[in-house]
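could you look at this predicted model? Sequence included:
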Amino acid sequence: MGKRDNDKPDSETAGGLSRRGFIGASAAIGAVGSAAGLLGGGLLAASSDVRAAGQGKADVAPGELDEYYGFWSGGQSGEVRILGVPSMRQLAAIPVFNRDSGTGWGQTNESIAILGESHKRGWQNGDTHHVHMSYTNGSYDGRWLFVNDKANSRVARIRCDIMRTDKITIVPNVTSIHGLRLQKVPKTGYVFANGEMIVPQPNDGRDLENPANYWTLFSALDAETMEVAWQVWVDGNLDNVDTDYAGTYAFSTCYNSERGVHLGDMMRAERDWVVFFHVPRIEAAIKAGKFKTIGDSKVPVLDGRQAAGSDFVRYVPVPKNPHGINTTPDGKYAIANGKLSPTCTIISLEKIDHLFAGKINEPRDTVVAEPELGLGPLHTTYDGRGFAYTSLFIDSQVVKWSVEEAIRAYGGEKVNYIHQKLDVHYQIGHLKASMAESRDCDGKWLMALSKFSKDRFLRVGPLHPENDQLIDISGDKMVLVHDGPAIPEPHDCIMVHRSKVRPKAIYTRDDPMFAATVAMAKADGVDLEKDSKVIRKGNKVRVYMTSLAPSFGITEFKVKSGDEVTVVITNLDTVEDVSHGFVMTNHGVGMEISPQQTASVTFTAGHPGVHWYYCSWFCHALHMEMSGRMLVEA
Ligand code: K7E
Ligand code: CUA
Ligand code: CA
């Protein structure tokens, strides 16, 4: 294969053999068995002219701040990450479902309380795919982030003022929360979550070998309480979800309308569907008591299967095993990505109104275009100027196309709606433009989250990083400006203008994160701002101490081997950035105590002897000396 012109569609590629032709029918639609069959053949480095065009565009000088906060899901790391965009500097990792050695997440009493049932069950992994920020009137409001856990069927909320998780909910009756999106208008009242895998209902041992009785449900969580408000029982399964800008609909793709349990079964149908949920009608049905419950769960469940003939759910057939679904920022269309079909399906939300109103009877009549874009369309994003950008997994490309031109072409007009195809490296999954999922879509940057990096970085062993590629979309042509290795495995990200996010520099003393610990101290007669003291109740010992660089309020305390020891530390430092840590050596204990934070950890005192504890954040010239001894008696 010769040198490729990265700005031209495949059909114009030099060398006479387009990549589409090269990978040929074996990768195309339907007959695909193995992942290898879905991989494109042409894995070529960017040509030097492309490299030159992008050089320096993502530079943010030392000391300068990025214009955007990027929030990345961390995939099977179970965390959420914050990157500065355009520099792609990783600024923070927010522990969510994972055990985090640095902060003590999953070990401190404060985080254990938030992990709740997950901690009781001993879960220390997660699989975050979709992170989204709360909205007010369709604009990001900087209040919360929400993220799914595909691994353990959970939804978590992160407070953006301190960038810490504050609620985790295990969603009942479903297996694998995959798609997650938020109500945008009038505000994020609901968090919508898709149950991906189908299981017996209830999943209590019945129907194990009877997949015909496997089902899944669509869930709505109350964003304030994080309780599951209601669920809708659906046909098929649920993959990705998005919402409109009117507060009426959520809509989910389904790739397994067949309700198959094997790959071949799931690809049998030429079309699956997008299922539309009419939220006000669902609320009315719940209010009218038309629900039931499943098993031990108290969550109200409505029957949204087609046979039930409800007025609150409609199924719009789309080709084939669709994946992403993305609302245009003008709120007019929902665009479903065909995955095993080379097309996207543009569904008019005005026509969905007509479908629910009975003015349209045939669900397919809500489709206003089905442009052919390339192989393996997974996700679509927007620039606010009428262009859509779709990731092509098999082609390893981003295709820039015009939504209105695609609609005109569907109407019979001769118009080439594809404006550019840009190679990415390689096997792109999600892509996301800056502010693209809000009314403030600004069309500056596009992130291409490529699944394979192959030859783009120094080899680091068999597990390669992913490659998050930053693309400048502010001009007529997309220009690749940066390759960003990412450890496994971000699926999705959002890029939020820094004006929308205002995290605190230090904690406030009344932060709910440690309110329970403060209340415990009060009950023990301890003033956390002043006191350092040891309180013993039987074999339970509470060690209250302050920290102020470079010392702990207590440098020596005595316990008995086997005592249950709770260390409570209040960081009295008020200077931004003076975080301390507490590590009890040889006890598996470590945690963060940032300025004005109170944190606590409970452990069992080990063998008799001297056990040093030390501060783990380099906080002061005398940081090494910031230590103390736990004297353990026999
Ligand atoms: Cu496409 Cu889980 Cu959003 Cu991965 S999902 S790519
Ligand atoms: Cu405190 Cu190091
Ligand atoms: Ca299917």
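Happy to help now that I have it. Numbers count the residues shown, from 1 in each chain. Ligands and ions are numbered 1, 2, ... in the order given.

can we go C-alpha only for contacts and neighbour counts from here?
Will do.

buried ones in the helix or strand hosting residue 407?
Here residue 407 sits within helix 403-410, counting by DSSP states H and E. Across helix 403-410, burial judged by 16 or more other C-alpha atoms under 10 Å covers 403, 405, 406, 407, 408, 409, 410.

now do it: which elements does it pack against?
Here helix 403-410 touches strand 367-369, going by 3 or more C-alpha pairs under 8 Å, 6 or more residues apart in numbering; DSSP states H and E.

what lies in contact with the strand it packs on?
Strand 367-369 is contacted from outside by 345, 346, 347, 348, 406, 407, 409, 410, 411, using C-alpha atoms under 8 Å, 6 or more residues apart in numbering.

quick check: pLDDT value at the fourth one.
To tie it back to what came earlier, the one meant is residue 348. Looking at residue 348, its pLDDT reads 98.

neighbours around it, how many?
19 (other C-alpha atoms under 10 Å).

before we move on, the earlier item: mind putting the buried residues of helix 403-410 in TSV, distance to residue 501 and pLDDT included?
Formatted as TSV, the buried residues of helix 403-410 follow (distance: C-alpha to C-alpha, whole Å; pLDDT from 0 to 100):
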residue	distance to residue 501	pLDDT
403	31	98
405	36	98
406	36	98
407	36	98
408	39	98
409	41	98
410	41	98
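
residue 624: which of those residues is nearest?
residue 403 (60.3 Å; C-alpha to C-alpha).

ok, now which ones touch that closest one?
Applying C-alpha under 8 Å, 6+ apart, we find residue 403 in contact with 386, 387, 388, 417.

secondary structure added to those, as JSON lines?
Listed next are the contacts of residue 403 as JSON lines, based on DSSP: H, G, I helix; E, B strand; the rest coil:
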{"residue": "386", "secondary structure": "coil"}
{"residue": "387", "secondary structure": "strand"}
{"residue": "388", "secondary structure": "strand"}
{"residue": "417", "secondary structure": "coil"}
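
by neighbours, which of the residues you listed wins?
residue 388 (23 neighbours).

go ahead and confirm that residue touches residue 398.
No. Applying C-alpha atoms under 8 Å, one finds residue 388 not in contact with residue 398, separated by 9.9 Å.

what's the local residue count around residue 413?
11.

endpoint to endpoint, stretch 205-216 covers what distance?
16 Å (C-alpha to C-alpha, to the nearest Å).

just the buried positions in whichever helix or strand comes after the helix holding residue 407, please.
Scanning forward in sequence from helix 403-410 by DSSP H and E, the next helix or strand is strand 418-423. Residues of strand 418-423 classed as buried: 418, 419, 420, 421, 422, 423 (neighbour count, 16+ other C-alpha under 10 Å).

which residue ranges of the stretch 401-550 of the chain form strands?
418-423, 428-433, 445-450, 466-472, 479-486, 493-497, 533-537, 540-548 (DSSP state E, counting those that start in this stretch).

also the stretch 51-200 of the chain?
Counting by DSSP E, counting those that start in this stretch, the strands of the stretch 51-200 of the chain are 68-73, 80-85, 89-94, 131-136, 139-149, 154-159, 164-170, 175-182, 190-197, 199-200.

hmm, the first one in reach of ligand 1?
No. Counting by C-alpha under 6 Å from any ligand atom, ligand 1 is not contacted by strand 68-73; separation bottoms out at 9.8 Å.

contact residues of the stretch 401-550 of the chain facing ligand 2?
So far as C-alpha under 6 Å from any ligand atom goes, the stretch 401-550 of the chain lies against ligand 2 at 549, 550.

picking up where we left off before, just the contacts of strand 367-369 that are near ligand 3?
Residues shared between the contacts of strand 367-369 and the neighbourhood of ligand 3: none [C-alpha under 5 Å from the ion].

in a markdown table, list those residues along with distance to ligand 1.
Listed next are these as a markdown table, based on distance: C-alpha to the nearest ligand atom, whole Å:
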| residue | distance to ligand 1 |
| --- | --- |
| 345 | 16 |
| 346 | 18 |
| 347 | 20 |
| 348 | 22 |
| 406 | 23 |
| 407 | 25 |
| 409 | 27 |
| 410 | 26 |
| 411 | 30 |
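
now for the residue in the chain positioned nearest to ligand 1: which residues touch it?
Per C-alpha to the nearest ligand atom, residue 429 is where the chain lies closest to ligand 1, at 3.9 Å. Shown in contact with residue 429 (C-alpha under 8 Å, 6+ apart): 378, 379, 391, 392, 393, 448, 449, 450, 451, 491.
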